[in-house]
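**Q** with the sequence up front, the predicted model follows.
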Amino acid sequence: MANQIDGFNFEQRHGKARVRVARVWRNIDGRQSIVEWNVSISLLSNCAASYVNDDNSDIVATDTMKNTVYAKAKECTEQLSVENFAIELGKHFTSYYRQVHAAIVKIVEKPWERISVDGQPHEHGFKLGSERHTTEVVVQKSGMLKLTSGVEGLAVLKTTKSGFEGFIRDKYTILPETRERILATEVTGTWRYSYESVSSIPQNLLYFTQRYMDVKKVLTDTFFGPPKEGVYSPSVQSTLFQMAKTVLNRIPDVTSVQLKMPNLHFLPVNLSNKNNSIVKFEDDVYLPTDEPHGSIEASLSRYWSKL
Ligand SMILES: O=c1[nH]c(=O)c2[nH]c(=O)[nH]c2[nH]1
């Protein structure tokens, strides 16, 4: 919220960060489900008086925000996507409090995955996976919505079909050109959906969970290529672009994609002393590093979208 106070521009927001909640659903057929969410809320509201006049009468206590997370989780009698839960919270804060104009809700879901025992999905057993599903929603009092989802910590690597050639060579360049290297990264992706009001989102409460799986599959399938032949990557930049483009081409209600793909280098190992070579690199022994790493990021959106 922006105000003019004492001749200054003043902007403020307040919220509660990292509220951890888990919700279990117990089906009558014996199958149980769990989600674990880490929720951060930020409210845009008329409460400048608390900053400048010691008047807290327009403040939603951040402790109340925390309690609301548990109350709303309790109310969710049916399993729902992390996006839907974030939207529910945003709707609550903007409709319940006269003072609140907009709510920003960010959630990171912990990747509990149903375990299989003897090839059978377990009714109530879960193990922790790796990459995390994220969302950020902005809900306005009017019902206007900005909905973004994401994935973080999606670590992928391929042992061949990657190279890097034709880059600028100058007096500081030592990197050899190559058509054979390991390509490894940890993808952080965010994508925005086209739904622009809380009333226009799909009815299915797990719709965005399914889309999350779809986007992840497109990202990884494009990174790796077909199982036998793979696909050649001339640079992280090129692979990133193909990944983002394929998401937009395959998933109609996604309007923009942002990807961050650090280049986690696997350096060739060559060791020798005065007399002989101890290890001669033959595309076999590498020194994995993550510091320093290349940092490559880009965003791609449909050019006709209003975003
Ligand atoms: O795919 C790459 N992109 C770069 O920009 C770059 N720079 C570098 O040193 N190696 C690589 N690899």
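**A** Cool, the structure landed. Numbers count the residues shown, from 1 in each chain.
**Q** any idea how far Val247 lies from Tyr172?
**A** According to Cβ to Cβ, to the nearest Å, Val247 stands 36 Å off from Tyr172. In this view, the C-beta of every residue, glycine as well, is placed from N, C-alpha and C.
**Q** who's more crowded, the two?
**A** When Val247 and Tyr172 are compared for neighbours, Val247 comes out ahead with 22 against 6, by other Cβ atoms under 10 Å.
**Q** the more buried one and Leu219 touch, don't they?
**A** Yes - using Cβ atoms under 8 Å, Val247 is in contact with Leu219, at 6.8 Å.
**Q** need the longest helix for this structure.
**A** Under DSSP state H, the helix in the chain containing the largest number of residues is helix 207-224.
**Q** could you check that one against the ligand for contacts?
**A** No - Helix 207-224 lies out of reach of the ligand by Cβ under 6 Å from any ligand atom, never closer than 12.8 Å.
**Q** kindly report the same for stretch 139-159.
**A** No - Stretch 139-159 lies apart from the ligand when judged by Cβ under 6 Å from any ligand atom; the minimum separation is 12.7 Å.
**Q** tell me which residues are up against the helix or strand encompassing Val257.
**A** Using DSSP states H and E, Val257 maps to strand 254-260. With contact meaning Cβ atoms under 8 Å, 6 or more residues apart in numbering, strand 254-260 is reached by 187-194, 211, 215, 219, 240, 243-244, 247-248, 295-302, 305, 307.
**Q** CA-only coordinates of it in PDB, if you can.
**A** Taking Å, rounded to 0.1, in the frame of the first residue of the first chain, the C-alpha atoms of strand 254-260 are listed here in PDB:
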ATOM      1  CA  VAL A 254      -0.100 -21.100 -19.100                       C
ATOM      2  CA  THR A 255       0.700 -17.600 -20.400                       C
ATOM      3  CA  SER A 256       4.400 -17.200 -19.300                       C
ATOM      4  CA  VAL A 257       7.300 -19.300 -18.100                       C
ATOM      5  CA  GLN A 258      10.400 -18.200 -16.200                       C
ATOM      6  CA  LEU A 259      13.300 -20.600 -15.900                       C
ATOM      7  CA  LYS A 260      16.500 -20.400 -13.900                       C
END
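**Q** which strands and helices sit next to the next helix or strand after it?
**A** Beyond strand 254-260 on the C-terminal side, the first helix or strand identified by DSSP H and E is strand 266-268. When contacts are defined as 3 or more Cβ pairs under 8 Å, 6 or more residues apart in numbering; DSSP states H and E, strand 266-268 packs onto strand 286-288.
**Q** pairing partners for the strand it packs on, with directions?
**A** Using DSSP bridges, strand 286-288 pairs in its sheet with strand 266-268 (antiparallel).
**Q** the strand it pairs with: which residues count as buried?
**A** Within strand 266-268, the residues that count as buried by 16 or more other Cβ atoms under 10 Å are 266, 268.
**Q** and the longest helix of the chain with strand 254-260, angle?
**A** 50 degrees (axes from the mean of the first three to the mean of the last three Cα atoms, to 10 degrees).
**Q** in the helix or strand hosting Lys72, what counts as buried?
**A** Counting by DSSP H and E, the element that carries Lys72 is helix 62-75. Within helix 62-75, the residues scored as buried using 16+ other Cβ under 10 Å are 62, 65-66, 68-69, 72-73.
**Q** kindly report the same for stretch 35-47.
**A** In terms of neighbour count (16+ other Cβ under 10 Å), stretch 35-47 has its buried residues at 35-45, 47.
**Q** please enumerate the helices of the chain.
**A** With helices called from DSSP H, the chain shows them at 48-52, 62-75, 82-96, 207-224, 236-250.
**Q** pLDDT (mean, whole number) over the second one?
**A** Taken as a whole, helix 62-75 carries a mean pLDDT of 98.
**Q** just give me the neighbour total for Asn53.
**A** For Asn53, using other Cβ under 10 Å, the count is 10.
**Q** report pLDDT for it.
**A** For Asn53, the predicted pLDDT is 94.
**Q** next one: it from Asn3, what distance?
**A** Applying Cβ to Cβ, the value for Asn53 to Asn3 is 12 Å.
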